[in-house]
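>>> Sequence first, then the predicted structure, then my questions.
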Amino acid sequence: MVSMKSLFTVMFLAAVVLTGRSPVSAAEGIISKVPDGSGSYCYLRFPAIKEDTLYWDRPVLKDSSSGDIVSFYGSCAHDPLGQEEIRRQRADLPERRRRIPEGE
């Protein structure tokens, strides 16, 4: 008979393989995180923040399947929902709205 611990381990590994990322990165909203040789800078990919939540107390990331993905090179500790990223995406919002008509 299979122990619960073995069953959990197999299910966990299957989930990691099928999704292509660890649950830790999924919880942070980060799709991929590739450190440079020094380990102090990373190339990160994560979903953009939903525009209608940019001014909420707790903004929400878009679904990664939306295709609206942010490519970021900087600190490995960068938070996709941190104040720095919120400010950057708020500042970019008027330009995004000019380029992409609403509803597209």
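Looks like it came in fine. All values derive from a computational prediction rather than experimental measurement. Numbering: from 1, shown residues only.
>>> Could you use CA atoms for every contact and neighbour count after this?
OK.
>>> all helices of the protein, in order?
Remark: helices assigned in the chain by DSSP state H are 4-19, 23-28, 83-99.
>>> What is the burial count for residue 77?
Using other C-alpha atoms under 10 Å, residue 77 has 10 other residues around it.
>>> and it, how far is that from residue 52?
For residue 77, the distance to residue 52 (C-alpha to C-alpha, to the nearest Å) stands at 25 Å.
>>> could you give the mean pLDDT of stretch 66-77?
Averaging pLDDT along stretch 66-77 gives 95.
>>> Now for the chain, the helix or strand with the poorest mean pLDDT.
Every helix and strand of the chain was ranked by mean pLDDT, DSSP states H and E. The lowest is helix 23-28, at a mean of 46.
>>> Give the full set of residues in contact with residue 81.
Residue 81 is in contact with 49, 59-61, counting by C-alpha atoms under 8 Å, 6 or more residues apart in numbering.
>>> Where does the prediction get shaky in this structure?
1-28, 101-104 (pLDDT under 70).
>>> Show the contacting residues for residue 82.
Neighbour list for residue 82: empty [criterion: C-alpha under 8 Å, 6+ apart].
>>> and it, backbone torsions?
With angles defined as degrees, to the nearest 10, residue 82 sits at phi -80, psi 170.
>>> how close does it sit to residue 97?
The spacing between residue 82 and residue 97, counted by C-alpha to C-alpha, is 22 Å.
>>> same check, this time on residue 63
In terms of C-alpha to C-alpha, residue 63 sits 19 Å off from residue 97.
>>> burial count for the closest residue to residue 75 other than its chain neighbours?
Leaving aside its chain neighbours, residue 75 sits nearest to residue 41 (4.8 Å; criterion: C-alpha to C-alpha, 6 or more residues apart in numbering). Residue 41 sits with 17 neighbouring residues when counted by other C-alpha under 10 Å.
>>> right, and residue 50 touches residue 58 too?
No - between residue 50 and residue 58 there is no contact under C-alpha atoms under 8 Å: 11.0 Å.
>>> higher neighbour count, these two?
Between residue 50 and residue 58, residue 50 has the larger neighbour count (other C-alpha under 10 Å), namely 15 against 10.
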